[in-house]
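Q: build the 3D model from these lines:
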Amino acid sequence: MKGFQRHKTNSRTTNKFAMDRRDSEPYVDDNEKDSVLMKIFTISTFFLLLASLSLTGLGIWGLIEAENLRSSAELLSDLPVEAVAYCIIFLGGVSSLACYAGLHGSCTKKAKLRRLLLSAYLFTLFCVMLIQLCMCVFLYQYGTAQALDDVVEDRWFEEGDEALQRRVDYQDYFDCCGWANAYDSRASGYNTPCPRTDPTACRQATIDWFNEQFFPIAIFGIVLAICEVFAIGATIGILVVKKEIVRDWDQGW
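A: Model (predicted):
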């Protein structure tokens, strides 16, 4: 009889202990098998945060350049340069917030909060990465001769005093003459003066300007997207490991 009561008491204690484990949350100190992966994730996410802030700065710089371009080279007003700059600023800001959430998730000891923050970090970073890749391709395409011909060439060879002034402003901004070559704007009907010696054609000067100003941003975006791929992989690995820890905790191991 006493043995039965003792067994019953032990069963109640075991059940109470199991209920306490289910009601509580596992902490980081309960399992250290992912510590190395977590340290790598924290360091890489910190550098990714710095890169995202840099991307935001590049977007602001691109916006300033876009405003100067619109005021000084009206013929390029149809290019969505300002919209691209705003998108870069937005993506840099969102990526920075996601990285902050990831860093906070890597530092917190509560499993549920960590899973929530890392999941949000993973989803946001994946969306940002896809948009960045699309924008890099977009920026690259707008720096080609065909794209510039589609936007500028028809308006370049318009007649009239206003068209003449637009050509003069364009040539002064890019330090060039003509469009396809240095002499095509001097023909009768256009009569665009260009006092420069051995000038570059404005189409080529515009391509060079785009390569100098926006191509580095595109390259930076591609490199950042590659880093985000590694960060996404590390986040998935951490979430998988943490899921195993929670499962083991719930099972009472």
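Q: which stretches of the stretch 151-253 of the chain form strands?
A: Counting by DSSP state E, counting those that start in this stretch, the stretch 151-253 of the chain has strands at residues 176-177, 200-201.
Q: neighbouring contacts of the first one?
A: When contacts are taken as CB atoms under 8 Å, 6 or more residues apart in numbering, the neighbours of strand 176-177 outside the stretch itself are 170-171, 182-183, 185, 192, 194, 196, 199-202, 204-206. For the C-beta atoms, the positions are set from N, CA and C on the backbone; glycine is no exception.
Q: just the last one next, same as before
A: For strand 200-201, the surrounding residues in contact (CB under 8 Å, 6+ apart) are D175, C176, C177, G178, W179, A180, N181, A182, D208.
Q: recalculate using a threshold of 6 Å.
A: Residues from elsewhere that reach strand 200-201 (CB atoms under 6 Å, 6 or more residues apart in numbering): C176, G178, N181, A182.
Q: turn those residues into CSV, including neighbour count and pLDDT.
A: Compiled in CSV, the contacts of strand 200-201 are given as follows (neighbours: other CB atoms under 10 Å; pLDDT from 0 to 100):
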residue, neighbour count, pLDDT
C176, 22, 88
G178, 24, 86
N181, 14, 85
A182, 19, 80
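Q: redo the residues you listed as a markdown table? Include distance to L48.
A: Listed next are those as a markdown table, based on distance: CB to CB, whole Å:
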| residue | distance to L48 |
| --- | --- |
| C176 | 40 |
| G178 | 45 |
| N181 | 46 |
| A182 | 46 |
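Q: tell me where the stretch 51-200 of the chain is predicted with low confidence.
A: 139-143, 187-189 (pLDDT under 70).
Q: any idea where the helices of it begin and end?
A: 81-107, 111-141, 145-148, 154-156, 161-174 (DSSP state H, counting those that start in this stretch).
Q: which pair of the contacts of strand 200-201 spans the longest distance?
A: C176 and N181 (10.5 Å; CB to CB).
Q: give me whichever of the strands of the stretch 151-253 of the chain is most buried.
A: Among the strands of the stretch 151-253 of the chain, strand 176-177 has the highest mean neighbour count (mean count of other CB atoms under 10 Å), at a mean of 24.
Q: paired strands for that one, with orientation please.
A: Strand pairing for strand 176-177, using DSSP bridges, gives strand 200-201 (parallel).
Q: and for D161, the neighbour number?
A: Residues contacting D161 under the criterion other CB atoms under 10 Å number 7.
Q: ok, now R167?
A: When neighbours are defined as other CB under 10 Å, R167 has 26 of them.
Q: what's L79 in contact with, if anything?
A: V151.
Q: quick one, phi psi at it?
A: phi -80, psi 130 (degrees, to the nearest 10).
Q: same check on K110?
A: According to degrees, to the nearest 10, K110 has phi -90, psi 130.
Q: what's the spacing between the nearest residue to L55 once chain neighbours are set aside and S52?
A: Closest residue to L55 apart from its sequence neighbours, by CB to CB, 6 or more residues apart in numbering: G92 at 3.7 Å. According to CB to CB, to the nearest Å, G92 and S52 sit 5 Å apart.
Q: how many neighbours does the closest residue in space to T235 that isn't next to it in sequence have?
A: Nearest residue to T235 in three dimensions, chain neighbours excluded: L122, at 4.6 Å (CB to CB, 6+ apart). Using other CB under 10 Å, L122 has 22 neighbouring residues.
Q: neighbours around the closest residue to F126 other than its chain neighbours, how many?
A: Distances taken as CB to CB, 6+ apart place I232 nearest to F126, at 5.9 Å, with adjacent residues excluded. Counted with other CB under 10 Å, the neighbours of I232 add up to 16.
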